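**Q** Next one to model:
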Amino acid sequence: MMANKRVSRVREALLERNLDGLFIASPINRRYLTGFTGSAGYVLITAEKAYLLTDFRYMTQAPQQAAGFEIVEEHRQDTLDIIKGLLEAANVKRLGFENELMSYSMYGKYEASLKPVELIPASGLVEEIRMFKDDEELAVMKEAADLADRTFMHMLEVIKPGMSELEGALELEFFMRRNGASAASFDTIFASGERSALPHGTASSKLLGSGELLTMDFGALYKGYCSDITRTVMVGTPNDKQREIYNIVLEAQLHTIEQLRPGMTGREADALARDVITRYGYGEQFGHSTGHGLGMEVHEAPNLSKVSDTVLQPGMVVTVEPGIYIPGFGGVRIEDDVVVTETGVRRLTESTKDLIIL
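**A** Numbering: from 1, shown residues only. Purely as a prediction, here's the structure:
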């Protein structure tokens, strides 16, 4: 009955917003609400009914996965006619839709076809519900995090000078896939030496050299949920400056995890890490936010950033990932996934954060 609890939450949100129904086109929200993993379809939720519209290819799969939903077979040409009929039957006057996903031309088509139904922007409605992870979701996210941890431990065995960043990133992704991931949850970042100063340094043909920092930021997409971990290691012996920035980032990261509490805003959480790094004189070298929400997407609400007023609450999962990036020298980022609890946070990723020298 997983889907039905989520559908009930959608219905509560519809009442609050004075809407009669919600039309969902987002593939992620579709899967979240229905459990359906197919690649096509729409969801329509009204006060009494929950429909999954999908095509001929999924007529066996959809009923098996989408418990509690009425499955409606749609053909491209008459989808709007079908929706119009369902809306009329449910007496829907005000229909919420995902305005951030709908193109201008698509909106024009829907508005004209569905008259007199009024289309009301409702982006973020499902995403707000998704911010709170239930026990089932947290169990899957812990497995995804464990897989990321195991991948990091595996990489410590295989990284060596002379290996290319591309080889390293490929090995990392192979390991995740071999061990149950359906994909990497985003483009793997595998950046060494001066390239470790690129916060989004995806792997290149550069070879790992001795005396270089190596930043690995990766995650597994596992049973529909993402993990996201960053570890920075040394290939060869670190110099004083490399050790210094590593220790500062680690201090900022540990301090944030220790102090993070429900009731804090994203802005207050961001400041926990930023203040430590700024105190050491590297504030200018920490240009991104301290963290972001994590779930079925690798970046979702809430954000731990200078501009976020979202209040952290139990059940939210966020990353904590401060960094220092010095162009021409290198960079360090350390990241864990944590779940907000009643009293603080609990780590999902548990790999060591000691400076590892390979």
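**Q** contacts and neighbour counts: CA atoms only from here.
**A** Noted.
**Q** those helices in the stretch 1-150 of the chain, which residues are they?
**A** Ranges of helices in the stretch 1-150 of the chain, per DSSP state H, counting those that start in this stretch, are 2-16, 27-34, 61-65, 79-89, 104-114, 125-130, 135-158.
**Q** So for the third one, mean pLDDT?
**A** Pointing back at helix 61-65 there. Mean per-residue pLDDT for helix 61-65: 97.
**Q** Mind listing what's buried along it?
**A** Residues 62, 63, 65 are the ones in helix 61-65 that count as buried (16 or more other C-alpha atoms under 10 Å).
**Q** out of the helices of the stretch 1-150 of the chain, nearest to residue 349?
**A** helix 135-158 (5.1 Å; C-alpha to C-alpha).
**Q** List of residues touching stretch 233-242?
**A** Residues from elsewhere that reach stretch 233-242, judged by C-alpha atoms under 8 Å, 6 or more residues apart in numbering: 160-161, 208-215, 355-358.
**Q** From residue 112, how far off is residue 43?
**A** 20 Å (C-alpha to C-alpha, to the nearest Å).
**Q** of these two, who's got more company?
**A** Remark: of residue 43 and residue 112, residue 43 carries more neighbours, 25 against 10, as counted by other C-alpha atoms under 10 Å.
**Q** list the contacts for the more buried one?
**A** 22, 23, 24, 25, 30, 50, 51, 52, 53.
**Q** And for residue 49?
**A** Here residue 49 is in contact with 69, 70 (C-alpha under 8 Å, 6+ apart).
**Q** Now it. Its backbone dihedrals?
**A** Backbone torsions for residue 49, taken as degrees, to the nearest 10, come to phi -120, psi 160.
**Q** For burial, what's the neighbour tally of residue 155?
**A** 17.
**Q** what does the one 5 residues further on give?
**A** Residues lying near residue 160 (other C-alpha under 10 Å) number 17.
**Q** circling back to that earlier point, what's the closest of the contacts of residue 43 to residue 256?
**A** So of the contacts of residue 43, ranked by how close each gets to residue 256 (C-alpha to C-alpha), first place is residue 30, at 33.9 Å.
**Q** For residue 201, give me its contacts.
**A** Contacts of residue 201 by C-alpha under 8 Å, 6+ apart are 189, 190, 191, 195.
**Q** Just give me the closest of those residues to residue 318.
**A** residue 189 (19.0 Å).
**Q** my guess is the closest one meets residue 197, correct?
**A** No: using C-alpha atoms under 8 Å, residue 189 makes no contact with residue 197, being 11.6 Å away.
**Q** returning to that earlier point: put together TSV for the contacts of stretch 233-242, with secondary structure and distance to residue 254 on each row.
**A** Shown next, in TSV, are the contacts of stretch 233-242 (DSSP: H, G, I helix; E, B strand; the rest coil; distance: C-alpha to C-alpha, whole Å):
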residue	secondary structure	distance to residue 254
160	coil	28
161	coil	29
208	coil	28
209	coil	29
210	coil	28
211	coil	25
212	strand	23
213	strand	20
214	strand	20
215	strand	18
355	coil	14
356	coil	17
357	strand	20
358	coil	23
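**Q** buried subset of those?
**A** 160, 208, 209, 210, 211, 212, 213, 214, 215, 358.
**Q** can those residues go into CSV with extra columns for distance to residue 297?
**A** Output for the buried ones among the contacts of stretch 233-242, formatted as CSV (distance: C-alpha to C-alpha, whole Å):
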residue, distance to residue 297
160, 32
208, 31
209, 34
210, 36
211, 35
212, 32
213, 29
214, 26
215, 22
358, 32
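**Q** Residue 149: which of the residues you listed is nearest?
**A** Nearest to residue 149 among the buried ones among the contacts of stretch 233-242 is residue 215, at 14.7 Å by C-alpha to C-alpha.
**Q** so which strand or helix has the residue nearest to the closest one when sequence neighbours are not counted?
**A** Counting by C-alpha to C-alpha, 6 or more residues apart in numbering, residue 215 lies nearest to residue 232, which is 4.3 Å off, once chain neighbours are set aside. Using DSSP states H and E, residue 232 sits within strand 229-235.
**Q** and the angle for that strand with helix 135-158?
**A** 10 degrees (axes from the mean of the first three to the mean of the last three C-alpha atoms, to 10 degrees).
**Q** Name the next helix or strand downstream of strand 229-235, please.
**A** Trace forward from strand 229-235 with DSSP H and E and the next one is helix 240-259.
**Q** I'd like the mean pLDDT over that next one, please.
**A** Helix 240-259 comes out with an average pLDDT of 98.
**Q** Now that helix - C-alpha only, CSV.
**A** C-alpha atoms of helix 240-259 as CSV (Å, rounded to 0.1, in the frame of the first residue of the first chain):
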residue,chain,number,x,y,z
ASP,A,240,52.4,20.6,3.9
LYS,A,241,49.9,22.6,1.9
GLN,A,242,48.0,19.5,0.7
ARG,A,243,47.8,18.2,4.3
GLU,A,244,46.7,21.6,5.5
ILE,A,245,43.7,22.0,3.2
TYR,A,246,42.7,18.4,3.7
ASN,A,247,42.6,18.8,7.5
ILE,A,248,40.6,22.1,7.2
VAL,A,249,38.0,20.5,4.9
LEU,A,250,37.8,17.5,7.3
GLU,A,251,37.3,19.7,10.3
ALA,A,252,34.6,21.7,8.5
GLN,A,253,32.8,18.5,7.5
LEU,A,254,33.0,16.8,10.9
HIS,A,255,31.9,20.0,12.6
THR,A,256,28.8,20.3,10.3
ILE,A,257,27.8,16.7,10.9
GLU,A,258,28.2,17.1,14.6
GLN,A,259,26.1,20.3,14.8
